[in-house]
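*Asks:* Here is a sequence with its predicted model. Questions after.
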Amino acid sequence: MSEQAKKILIVEDEKPLGRALSLKLGKAGYQSDNAYDGEDALTKLKNGKYDLVLLDLVMPKLNGFEVLVKKKEAKDNTPVIVLSNLSQEDDVKRTKEFGVLDFIIKSDMSIFDIIEKIKKIV
């Protein structure tokens, strides 16, 4: 009778943070997958269905902006929350042009606060 758990793709090259987010999301009732670079993220998006993407901007292989461009080219409309330490107004503005739902500055929020934001969106 319970509805299917929402599935979130965590795209974060800092593995300890990615694992911590995954663990906390699991405890909050979500399923999650981790991608540790932009190429892996695009492969997982192509092969799976997600309700939300948590996307870091500074990563190896493809950065978050490149992921957003390729995601748009592929007509993938999975909602995205950017999770980054970049906080320049230009970066925030640029992500909004891709329809990003929110821009979270990692150093300004606890994992608990990030999970609470996700609950409001998903």
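*Replies:* Arrived safely, thanks for sending. Remember, it's a predicted structure, so these values are computed and weren't measured experimentally.

*Asks:* quick one, longest helix in this structure?
*Replies:* Using DSSP state H to define each element, the chain has its longest helix at helix 15-27.

*Asks:* got a list of contacts for that one?
*Replies:* Contact with helix 15-27 is made by 8, 10, 12, 31-32, 34, 36, 54, 106, 111-112, 114-115, 118, as judged by CB atoms under 8 Å, 6 or more residues apart in numbering. In short, each C-beta sits where N, CA and C put it, glycine included.

*Asks:* And these, which is closest to G99?
*Replies:* Nearest to G99 among these is L54, at 15.2 Å by CB to CB.

*Asks:* what comes up buried for the helix-or-strand element of the chain with minimal mean pLDDT?
*Replies:* Of all the helices and strands that make up the chain, helix 89-96 has the lowest average by mean pLDDT, DSSP states H and E, namely a mean of 88. By neighbour count on 16 or more other CB atoms under 10 Å, the buried set for helix 89-96 is 91, 94-95.

*Asks:* List the buried residues for stretch 9-22?
*Replies:* 9-13, 17-18, 21-22.

*Asks:* Next up, phi/psi of the residue nearest in space to the middle of the chain, please.
*Replies:* Geometric centre of the chain, nearest residue: L54, 1.0 Å, by CA atoms, centre = their mean. Main-chain torsions, L54, degrees, to the nearest 10: phi -100, psi 110.

*Asks:* Which positions in stretch 27-41 come out as buried?
*Replies:* So, applying 16+ other CB under 10 Å, buried residues of stretch 27-41: 28, 30, 32-41.

*Asks:* what does stretch 45-54 give?
*Replies:* 45, 50-54.

*Asks:* Run through who's touching stretch 55-70.
*Replies:* 11-14, 36-42, 80-86, 91, 94-95, 98, 100.

*Asks:* Please repeat the previous calculation with a cut-off of 6 Å.
*Replies:* By CB atoms under 6 Å, 6 or more residues apart in numbering, the list of residues contacting stretch 55-70 from outside reads 11-13, 37-39, 41-42, 80, 82-84, 86, 98.
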